[in-house]
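Undergrad: Can you look at this prediction? I've put the sequence above it.
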Amino acid sequence: MTDAALDTNGPTELPGGRSLWSDAWARMRANRAAMASLIFLVLMTVACIVGPWLVPHNYTTIYADYVRTPPSLTAYPKADMVESALNDVLRRMRVEPGGWTQEGDRVFVEVTSGRAIDERNLRYLERSDTFHDARVESRADDGLAMVMSAAIKQQYFLLGTDNVGRDLLSRTLMAGRISLSIGLLAGMTAVVIGVLYGATAGFLGGRTDEIMMRIVDVLYSLPFIFFVIMLVVFFGRNFVLMFLAVGAVLWLDMARIVRGQALSIRRQEYIQAAEALGVTQTGILLRHVVPNLLGPVVIYMTLLVPHVIILESFLSFLGLGVQEPMTSWGVLISAGAKNIGSANWLLVFPALFLVSTLFALNFVGDGLRDALDPKDR
């Protein structure tokens, strides 16, 4: 009876195992703060990549009529700005205003002059950032008086404008594209080189470890700024190549951290078991040592990205980093700090973008550290 019952039920299926990565992803999803920060970073990255193409203003366009304009959800120009912009245009036309009225989105202005008014002066209205679609409504027979009209151009500056009249929103999004790409590019370069170098030195040990770490000490003795200046001489103003090389220098701290972890891991029982089974040293290094180093590596990576961003702003201040018309969050914050008393939005919005991104990176780093720690599995 028992054997028959077992036969009818069929063989018992064993539950499938979970890999390190699937288990880490499950633990990561359970961390709400880390997942919310990860979603924020994805949205921030998409906004910085796509945003400069969607906003109505180019990050290099200068609006002379809107220098240091405060942020607003409503369209510019405001009611008190129309008259001042109109007077500036008439001053350049060298005519005397006789009065103006506004009907809907158009303004009508009477002008007079001591000599015949050239209708080509309408180009001053067309070139204005406030008006467009200028035309002559009426003209005196002697040409000394004229009634002109122009439509008011609606402009939106959600985050205001900077000291030269450029839209801060488009420049902040473009700056995020540069800062994030620089941070990730240099950070990934430093992580890859540092992990492989430090894990190899710590796992092999002995004379090989001594030689490899003395090389690190020699590289530590090189003045960093002098090295960066040499990179600029060799690579020019191409910041991608320059920060790839900068990332190749920042791996020194990573190599020391990984080397210390690898020295403790090589004495673990599962490493000895792998050696007893005949696994090659390269296989042990890639399949056992490196995966168990991911926790400290991820934490250092989340600290390295903001470090590179701050380093970039320092180099840009010295004239060795990002140059105009390109920009970055560090450059915008540096410029905003100089105008905090009179135009605080120039500092607040770029700093908000940078600080929120750094907080998100820290939360994601904590979540990945907990998810990838083999001791908590």
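TA: Received the coordinates, thanks.
Undergrad: which stretches of this protein have low pLDDT?
TA: Counting by pLDDT under 70, the chain contains low-confidence ranges at 1-21, 236-242, 317, 319, 372-377.
Undergrad: For it, just list every one of the strands.
TA: 96-103, 106-112, 131-139, 145-152 (DSSP state E).
Undergrad: out of these, nearest to Leu277?
TA: When those are compared by C-beta to C-beta, strand 131-139 sits nearest Leu277, at 77.7 Å. Every residue, glycine included, has its C-beta placed from N, CA and C.
Undergrad: Quick one: closest of the strands of the chain to Ala75.
TA: strand 145-152 (9.1 Å).
Undergrad: Not counting its neighbours along the chain, what's nearest Pro97?
TA: Among residues not flanking Pro97 along the chain, Leu90 sits closest, at 5.1 Å (C-beta to C-beta, 6 or more residues apart in numbering).
Undergrad: so the one you found makes contact with Val111?
TA: Yes: applying C-beta atoms under 8 Å, one finds Leu90 in contact with Val111, separated by 6.4 Å.
Undergrad: shared neighbours, these two?
TA: Glu96, Pro97 (C-beta atoms under 8 Å, 6 or more residues apart in numbering).
Undergrad: how close does Ala190 sit to Leu361?
TA: 15 Å (C-beta to C-beta, to the nearest Å).
Undergrad: most centrally placed residue in the protein?
TA: By C-alpha atoms, centre = their mean, the chain has its centre lying nearest to Gly176, at 2.4 Å.
Undergrad: dump the residue contacts of that one.
TA: Met44, Ala47, Cys48, Trp329, Phe353, Thr357.
Undergrad: Run a quick neighbour tally on the nearest residue to Gly114 once chain neighbours are set aside.
TA: Excluding the flanking residues, the one nearest Gly114 by C-beta to C-beta, 6+ apart is Leu144, at 7.3 Å. Per other C-beta atoms under 10 Å, the neighbour tally for Leu144 reads 15.
Undergrad: cool, Arg94 as well?
TA: The burial count for Arg94: 13, using other C-beta under 10 Å.
Undergrad: before we move on, back to that, give me whichever of the strands of the chain is most buried.
TA: strand 145-152 (a mean of 20; mean count of other C-beta atoms under 10 Å).
Undergrad: hey, which helix is longest across the protein?
TA: If you go by DSSP state H, the chain has its longest helix at helix 168-204.
Undergrad: Can you point out the buried residues in that helix?
TA: 168-187, 189-191, 193-203 (16 or more other C-beta atoms under 10 Å).
Undergrad: and if you look at stretch 53-69?
TA: Counting neighbours by 16+ other C-beta under 10 Å, stretch 53-69 gives Val55, His57, Tyr59, Tyr63, Asp65, Tyr66, Arg68, Thr69 as buried.
Undergrad: From start to finish, how long is that stretch in a straight line?
TA: This stretch, stretch 53-69, spans 22 Å end to end (C-alpha to C-alpha, to the nearest Å).
Undergrad: Would you mind pulling the contact partners of it?
TA: By C-beta under 8 Å, 6+ apart, the surrounding residues in contact with stretch 53-69 are 52, 76-77, 81, 85, 88, 128-130, 155-157, 160-167, 169-171, 173-174, 325, 327, 339, 342-343, 346.
Undergrad: Of those residues, just the buried ones, ChimeraX syntax please.
TA: The following ChimeraX line selects those of the contacts of stretch 53-69 that are buried, judged by 16+ other C-beta under 10 Å:
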select :52,76,77,85,128,129,130,155,157,160,161,162,165,166,167,169,170,171,173,174,327,343,346
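Undergrad: What sits closest to Thr327 if chain neighbours are left out?
TA: The shortest distance from Thr327 to any non-neighbouring residue, by C-beta to C-beta, 6+ apart, is to Ala175 (4.6 Å).
Undergrad: next one: Ala34
TA: Ala34 sits nearest to Gly367 (C-beta to C-beta, 6+ apart), 2.4 Å away.
Undergrad: again with Leu285
TA: Taking C-beta to C-beta, 6+ apart, and ignoring the residues beside it in sequence, Leu285 has Phe203 as its nearest neighbour in space, at 5.5 Å.
Undergrad: Kind regards, and thank you for your time.
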